[in-house]
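J.: whatever this is, show me its structure:
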Amino acid sequence: MTVADVLIRTTGAPLQPGWQSRLPAAPFDPFTLVCALQQSLDPGELLSIFSRCLARYLPLEGLSLVHAEGTAQTGDGGLHVSTWPLVTRGVEVAVLKVHTCLPLSPGELAVLREASALLAQPVHNALCCEQLRRHAQEDALTGLFNRAALERMLPRELALAEREGTPLAVLMLDIDHFKAINDTYGHGLGDQALALLGEVLRRGLRRSDLAFRYGGEEFVLVLPDTDVEGARQAAQRIAASLRREAECALGFPITASMGIAAWPAADERDVDAARLLTRADRALYLAKTQGRDRALVA
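T.: Residues are numbered from 1 along each chain as shown. The predicted model follows:
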């Protein structure tokens, strides 16, 4: 049993507005809080642990943690809200919003001040860890997922599609004549073209779709709950948007060749991510050899 488990057992259910006693069961124990906050590197879980501990001392209704990566929340909003910057080494790493059902007494404010100071460093560590995790699976130039993320996520998406009995499409995309763009306009503008394509994909895809930079000027899209016809329509939208956006931003149109592979396929029973990618790559190769600026199905 961890210290966090002990806190859960001793705290019980979250306190409600009918909370009567303003006297904590015991003096605030900073050591127990510090130990509990070592149990996780997830900002949301840290906030939950912090909430369970503070509920012994304050009439809590809920907590919110606002930081550069987003917002974590536990509990509900209360009638009274106080805001506490979380500062470590002179840098504000997040803002803690404390929702209570009653105004806090001077003693409770003192507990909250000490507790929030102890929360700052664990939150900083968790946010740094989140940032490292994101960078490990993100392509720096386009902001899309990278190839390592594709190798991890595509098998998961395929397994989910098989379990739910829904189709899944993979679209492999290659910018046409990309070497000529680099040779004619320079590598800086080539990078702009890649970044532009990344932006086109982010804006043009559904929230459930996944976009990856596969390497160089090649990209892969994973489209859950999408059959061949749906993938064709997505390819057409992407091609039209890329041509239009490039004309406006770069001064010349950019086209792309695309290969589509879908699961399930008539000749394949087994779910295999590598085979699906190979089929999409084969269709991409045919699109390029047949004149580029088109999407073909494997």
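J.: how about the CA coordinates for stretch 27-47, as PDB?
T.: The C-alpha coordinates for stretch 27-47 follow below in PDB (Å, rounded to 0.1, in the frame of the first residue of the first chain):
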ATOM      1  CA  PRO A  27      -2.300  19.200  12.100                       C
ATOM      2  CA  PHE A  28      -1.200  19.500   8.500                       C
ATOM      3  CA  ASP A  29       1.500  17.000   7.700                       C
ATOM      4  CA  PRO A  30       3.700  18.200   4.900                       C
ATOM      5  CA  PHE A  31       5.800  15.100   4.900                       C
ATOM      6  CA  THR A  32       2.800  12.900   4.100                       C
ATOM      7  CA  LEU A  33       1.900  15.200   1.200                       C
ATOM      8  CA  VAL A  34       5.400  15.300  -0.200                       C
ATOM      9  CA  CYS A  35       5.600  11.500  -0.100                       C
ATOM     10  CA  ALA A  36       2.200  11.100  -1.800                       C
ATOM     11  CA  LEU A  37       3.100  13.500  -4.600                       C
ATOM     12  CA  GLN A  38       6.100  11.300  -5.500                       C
ATOM     13  CA  GLN A  39       3.600   8.600  -6.700                       C
ATOM     14  CA  SER A  40       3.000  10.000 -10.200                       C
ATOM     15  CA  LEU A  41       4.400  12.000 -13.000                       C
ATOM     16  CA  ASP A  42       0.900  12.700 -14.500                       C
ATOM     17  CA  PRO A  43      -0.400  16.200 -13.800                       C
ATOM     18  CA  GLY A  44      -4.000  15.000 -13.500                       C
ATOM     19  CA  GLU A  45      -3.100  12.300 -11.100                       C
ATOM     20  CA  LEU A  46      -1.000  14.700  -9.000                       C
ATOM     21  CA  LEU A  47      -4.000  17.000  -8.700                       C
END
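J.: show me where pLDDT drops low in the protein?
T.: Counting by pLDDT under 70, the ranges of the chain that qualify are 1-25, 266-270.
J.: go again with 90.
T.: Under the criterion pLDDT under 90, the flagged ranges of the chain are 1-28, 55-60, 67-80, 101-102, 104, 129-137, 140, 264-272, 298.
J.: does anything pack onto the longest helix along it? Which helices or strands?
T.: Counting by DSSP state H, the longest helix found in the chain is helix 106-136. Contact here means 3 or more CB pairs under 8 Å, 6 or more residues apart in numbering; DSSP states H and E; on that basis helix 106-136 packs against helix 30-36, helix 43-54, strand 60-67, strand 80-88, strand 91-100. To be clear about C-beta, it is placed using only N, CA and C from the backbone, and glycine gets the same treatment.
J.: in JSON lines, list the ones you listed along with mean neighbour count and distance to Gln73.
T.: Shown next, in JSON lines, are those (neighbours: other CB atoms under 10 Å; distance: least, CB to CB, whole Å):
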{"stretch": "helix 30-36", "mean neighbour count": "16", "distance to Gln73": "19"}
{"stretch": "helix 43-54", "mean neighbour count": "22", "distance to Gln73": "7"}
{"stretch": "strand 60-67", "mean neighbour count": "21", "distance to Gln73": "5"}
{"stretch": "strand 80-88", "mean neighbour count": "15", "distance to Gln73": "13"}
{"stretch": "strand 91-100", "mean neighbour count": "18", "distance to Gln73": "9"}
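J.: is it possible to get JSON lines of these that adds distance to Leu154?
T.: Shown next, in JSON lines, are the helices and strands packed on helix 106-136 (distance: least, CB to CB, whole Å):
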{"stretch": "helix 30-36", "distance to Leu154": "37"}
{"stretch": "helix 43-54", "distance to Leu154": "26"}
{"stretch": "strand 60-67", "distance to Leu154": "30"}
{"stretch": "strand 80-88", "distance to Leu154": "37"}
{"stretch": "strand 91-100", "distance to Leu154": "34"}
